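K.L.:
3D, please:
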Amino acid sequence: MEKWFDKQLAILTAIYDALIKFRQQHNRMIKPLQERKLWTKQDVLDRLNMSERTYKRNLQTGLLKPMRLNGFDEYFEEDLLEALEESRRKGRI
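P.N.:
Numbers count the residues shown, from 1 in each chain. Coordinates of the predicted model:
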């Protein structure tokens, strides 16, 4: 019975160590807030060649999730890339 517990403890320790390494790598990848590019609603419309109607539809479906700052929709570039990847994954683009 002790061998079983020792094996389980070793497995849990290995998982814990792997999660710690993953978190450290992830923290290195995150850019400081000042270095992150913000896109306005107009940037999204212009650069993605999106109509106002498509923009509103993407808001309603939850594909686009803006930060509403002072009444304006703004996005971090990473969030838009994630939305594009989700759209590609579902076969929309």
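K.L.:
Give me the helices and strands touching the longest helix that the chain contains, please.
P.N.:
Scanning the chain for the helix with the most residues, using DSSP state H, yields helix 2-29. Packed against helix 2-29, as judged by 3 or more Cβ pairs under 8 Å, 6 or more residues apart in numbering; DSSP states H and E, are no other helices or strands. In short, each C-beta sits where N, CA and C put it, glycine included.
K.L.:
Just give me how far it sits from the chain centre.
P.N.:
Relative to its chain's centre, helix 2-29 lies at 24 Å (Cα atoms, centre = their mean, to the nearest Å).
K.L.:
Show the subsequent helix or strand relative to it.
P.N.:
strand 38-40 (DSSP states H and E).
K.L.:
the domain parsing of this structure - what is it?
P.N.:
Taking automatic domain parsing as the reference, the chain has its domains at 1-30, 33-89.
K.L.:
Need the winner for burial among the ones you listed.
P.N.:
Most buried of the domains of the chain, by mean neighbour count (mean count of other Cβ atoms under 10 Å): domain 33-89, with a mean of 13.
K.L.:
pLDDT of it, averaged?
P.N.:
Averaged across domain 33-89, pLDDT comes to 90.
K.L.:
Tell me the span between the first and last residue of it.
P.N.:
Domain 33-89 has an end-to-end distance of 28 Å (Cα to Cα, to the nearest Å).
K.L.:
Fine by me, we can end here.
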